[in-house]
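Visitor: The following comprises the amino acid sequence and a computationally predicted model.
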Amino acid sequence: MRFLICVFLVLTPLLCLANPSYEKEETEIPRKPSNPPALVQKLPKAVPHCERFYTYQGKALECDSNLGRDGEAMRPLMKGVPDAIAELNLYQDNIKKARFAAYTGTLGLVAVIAGSLISRPLVEPGTWSLKPGGVVTLSGAFILLNSLLYGLSLNKTNEAHLSNAVNYHNVAHPERKIELQFSAEVSF
């Protein structure tokens with residue numbers, strides 16, 4: 001093993017001296033490093049989304065932040081009105097509850113599909129008693145229906161919170177009114 005190390009240490013400088021392009025390569029090393037090519041900045045793809053605007057002092061401004069339909073862009077204007085801030089906070093909290101209702105409804109739909117796949121037919125033909133798949137299907141349908149009704153009613157009342165926040169601001173600052181450029185009502 002020592003022999004191989006010694007041979008390597010002796011032969012390496014000899015191979016470098018034997019290579020005629022070695023000196024040429026050493027003289028061609030640039031004194032100043034070159035810059036890498038400039039990166040081309042790509043523009044982000046336009047993602048279709050629903051823009052909601054409001055008018056403030058004659059300017060149309062976007063109502064929501066980059067995170068979603070949360071009305072967060074209006075918070076700096078409502079800073080001095082605690083009632084408006086409280087309504088905006090309720091609006092944002094209810095968005096989270098509506099999202100939970102949507103996930104629960106999806107779980108109910110999965111249960112309906114799974115129950116239908118577990119047993120066919122869902123009831124015993126002669127006694128009309130539920131099979132295990134029938135219990136899962138009916139439970140999933142109950143969860144789906146309740147989460148749908150809860151989500152729809154929550155969305156309807158939630159949009160009223162955004163309108164109330166704007167109204168509280170407009171009462172407190174009649175000289176700096178905010179006007180929503182979209183309907184905050186959900187009808188069903």
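Guide: Received it, and whenever you're ready, just let me know what you need. Just so it is clear, the structure is predicted and the values come from calculations on it, not from any experiment.

Visitor: other SSEs contacting the helix or strand where residue 104 lies?
Guide: In this assignment (DSSP states H and E), residue 104 forms part of helix 82-118. Packing contacts for helix 82-118, counted by 3 or more CB pairs under 8 Å, 6 or more residues apart in numbering; DSSP states H and E, involve helix 132-172. For every residue, glycine as well, the C-beta is placed using N, CA and C.

Visitor: name the helices or strands packed onto the helix it packs on?
Guide: helix 82-118, strand 178-180.

Visitor: What pairs with the last one, parallel or antiparallel?
Guide: Meaning strand 178-180. strand 53-56 (antiparallel) (DSSP bridges).

Visitor: which stretches of the chain have low pLDDT?
Guide: 1, 6-31, 44, 46-49, 183-188 (pLDDT under 70).

Visitor: what residue is smack in the middle of it?
Guide: Centre of the chain computed as the mean C-alpha position; nearest residue by CA atoms, centre = their mean is residue 67, 6.1 Å away.

Visitor: Quick check: which element contains the residue lying farthest from the centre of the chain?
Guide: Taking CA atoms, centre = their mean, the residue of the chain most remote from its mean C-alpha position is residue 3, at 64.0 Å. Assessed by DSSP H and E, residue 3 sits inside helix 2-18.

Visitor: The residue nearest to the centre of the chain and residue 182: what is the separation?
Guide: Distance from residue 67 to residue 182, counting by CB to CB, to the nearest Å: 18 Å.

Visitor: repeat for residue 136
Guide: Taken as CB to CB, the span from residue 136 to residue 182 is 41 Å.

Visitor: Of the two, give the one with the bigger neighbour count.
Guide: residue 136 (22 against 13; other CB atoms under 10 Å).

Visitor: Name all residues that make contact with the closest residue to residue 172 other than its chain neighbours.
Guide: Of all residues not flanking residue 172 in the chain, residue 81 sits nearest, at 4.5 Å (CB to CB, 6 or more residues apart in numbering). Shown in contact with residue 81 (CB atoms under 8 Å, 6 or more residues apart in numbering): 168-169, 172-173.

Visitor: Let's see if you can find the most crowded of the residues you listed.
Guide: Busiest of the contacts of residue 81 [other CB under 10 Å] is residue 169, holding 25 neighbours.

Visitor: Could you pull up the contacting residues of that one?
Guide: Residues 77-78, 81, 84, 177-178 are the ones in contact with residue 169 under the rule CB under 8 Å, 6+ apart.

Visitor: How about it, nearest residue that isn't a chain neighbour?
Guide: residue 84 (4.5 Å).

Visitor: And residue 83, by the same measure?
Guide: residue 168 (4.3 Å).

Visitor: hang on, that neighbour packs against residue 84?
Guide: Yes. With contacts counted by CB atoms under 8 Å, residue 168 reaches residue 84, the gap being 4.0 Å.

Visitor: Mutual contacts of those two, please.
Guide: The contact lists of residue 168 and residue 84 share residue 78, where a contact means CB under 8 Å, 6+ apart.
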